Structures are given as C-alpha cells and as structure tokens.
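Visitor: The following comprises the amino acid sequence and a computationally predicted model.
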Amino acid sequence: RETLEGSSELRSLVRRCFLGLEENMGVSFGKLFSKLFAKKEMRILMVGLDAAGKTTILYKLKLGEIVTTIPTIGFNVETVEYKNISFTVWDVGGQDKIRPLWRHYFQNTQGLIFVVDSNDRDRVVEARDELHRMLNEDELRDAVLLVFANKQDLPNAMNAAEITDKLGLHSLRQRHWYIQSTCATSGEGLYEGLDWLSNNIANKVSSSSSSTFLF
C-alpha cells in the first residue's frame with residue numbers, strides 16, 4: 001500500500017512538473033510570437049525640393065488615393081500602416097526658405113526618403129547638393145536612404161540610373177541606399193520602396209542589438 005501511495009505521489013509530482021513546463025513553454029512561445037508578429041515602429045523623414053511630390057506620396061500611402069495638395073509650409077505627419085510595420089512619416093516642406101528647418105526633424109530618424117522630380121532636369125544639381133548636405137549631418141549618420149525617382153510617367157523624366165549618377169549616389173560608401181522609380185499619382189513603385197526601407201531598417205536594428213562588445 002505504501003508503495004502504491006508513493007507511486008501515486010510520484011506520478012502526481014511528474015504531472016505537475018510537466019504542467020509547469022508546458023505553462024513556461026507556452027509563455028515563452030507567446031513572447032516569441034508576440035515579438036515576431038508585433039507591429040514594428042519606424043520613424044521616417046521624407047524630404048526633397050518643393051514640388052517633388054512628397055505630400056502626394058504621403059497621402060497615396062496613407063489613404064490609397066490622390067489628394068489635392070498645396071506647397072507644404074512646415075510639415076505633415078502621418079502614420080502609415082504597411083504589412084506588420086507602422087511608419088511614422090514626416091513630410092517636410094521643400095521650399096528653399098524652409099530647408100534650414102529640416103535639421104529639426106533629424107533626431108531619431110531611422111530612414112530618410114529623398115524625393116526627386118525626375119522631370120526637373122534644371123534643379124537636379126540643387127537636389128544633389130541638398131541631399132549631400134543632409135547626409136553629412138551627424139544625426140543622420142545611421143539612417144538608411146531611399147530615393148524616390150518620382151514622376152516617371154512624364155515623357156522627359158530621367159530614369160533611375162541617370163538620377164543615381166546626377167545625385168552622386170555611388171559616392172555614398174558608408175550608407176545603405178536604394179533608388180526606386182515611382183509615380184506618386186498611380187502609386188507605382190511606392191510599396192517596393194517601403195519593402196526595401198523596412199527590411200534594411202529591421203536588419204540594421206537587428207545587427208545592432210545582437211552586437212557583442214568585449215572589454
């Protein structure tokens with residue numbers, strides 16, 4: 001009888017151990033799944049010369065439709081949900097008198113979207129100068145760069161290769177960058193650009209968090 005009781009207690013103890021193990025595994029898997037599928041938040045700054053199409057792009061991404069825009073004096077800010085990512089996108093006015101204010105939005109920026117009017121050959125050098133001036137700012141040293149070569153629907157638009165050359169993108173040795181041909185009014189190319197941006201920001205965050213420092 002004592003043997004039977006001991007055996008019963010042993011079975012009860014083993015069962016409790018397994019239940020505790022299952023519970024702990026459930027919690028661990030729950031945490032793992034919540035990490036995998038939780039929305040990732042990213043802070044994006046979108047700039048470019050005036051009339052490049054920044055605000056049209058922002059609201060095409062946000063609303064899926066074209067909105068009537070006027071030159072942005074100051075900024076627009078919206079949260080754009082895409083896949084499992086929540087982008088906070090700051091669209092800052094591009095007129096020359098406003099550009100000195102861009103630096104006030106640099107802090108904590110993970111991704112920079114620079115929008116270029118591909119049809120505006122007269123100002124592409126100006127766009128290049130503004131881009132490189134920004135990239136030299138210390139607060140943007142870790143930001144990945146996505147260039148939207150916008151207005152590709154216009155007949156005289158420069159293609160992505162030409163824009164790459166005109167902007168001097170190949171000289172950016174220490175920067176993750178990508179250029180995407182886009183048409184803001186149709187939405188063509190916008191989500192392909194966001195895919196690249198989100199993947200590269202996520203990889204950068206992941207590699208930085210997994211770095212080991214030895215002292």
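Guide: Now that the structure is in, tell me what you want to look at.
Visitor: What helix or strand is Gln180 located in?
Guide: Gln180 is part of strand 177-181, with elements assigned from DSSP states H and E.
Visitor: and that strand, which residues are buried?
Guide: For strand 177-181, a neighbour-count test (16 or more other CB atoms under 10 Å) marks 177-181 as buried. C-beta here means a position set from N, CA and C on the backbone, and glycine is covered the same way.
Visitor: Ok, stretch 116-134 next?
Guide: 116-120, 124, 127-128, 130-131, 134.
Visitor: per-residue confidence averaged over that stretch?
Guide: On average, the pLDDT along stretch 116-134 is 97.
Visitor: And it, how far out from the chain middle?
Guide: 21 Å (CA atoms, centre = their mean, to the nearest Å).
Visitor: Can I get it in CSV, CA atoms only?
Guide: Presented in CSV, the C-alpha positions along stretch 116-134 are these (Å, rounded to 0.1, in the frame of the first residue of the first chain):
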residue,chain,number,x,y,z
VAL,A,116,13.3,63.8,-56.6
ASP,A,117,11.2,65.2,-59.5
SER,A,118,12.7,63.1,-62.3
ASN,A,119,11.4,65.5,-64.9
ASP,A,120,13.1,68.6,-63.4
ARG,A,121,16.5,68.5,-65.1
ASP,A,122,17.2,72.1,-64.2
ARG,A,123,17.2,71.5,-60.4
VAL,A,124,18.7,68.1,-60.1
VAL,A,125,22.1,69.6,-59.1
GLU,A,126,20.3,71.6,-56.4
ALA,A,127,18.7,68.4,-55.2
ARG,A,128,22.1,66.7,-55.1
ASP,A,129,23.6,69.5,-53.0
GLU,A,130,20.7,69.4,-50.5
LEU,A,131,20.9,65.6,-50.2
HIS,A,132,24.6,65.5,-49.5
ARG,A,133,24.4,68.4,-47.1
MET,A,134,21.8,66.5,-45.1
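Visitor: Show residues contacting it.
Guide: Residues from elsewhere that reach stretch 116-134, judged by CB atoms under 8 Å, 6 or more residues apart in numbering: 47-49, 51-53, 99, 102, 106, 112, 114, 140, 147-152, 154, 156-159, 163, 166-168, 181.
Visitor: Report the buried members of these.
Guide: 47-49, 51-53, 99, 102, 106, 112, 114, 140, 147-152, 157-158, 163, 166-167, 181.
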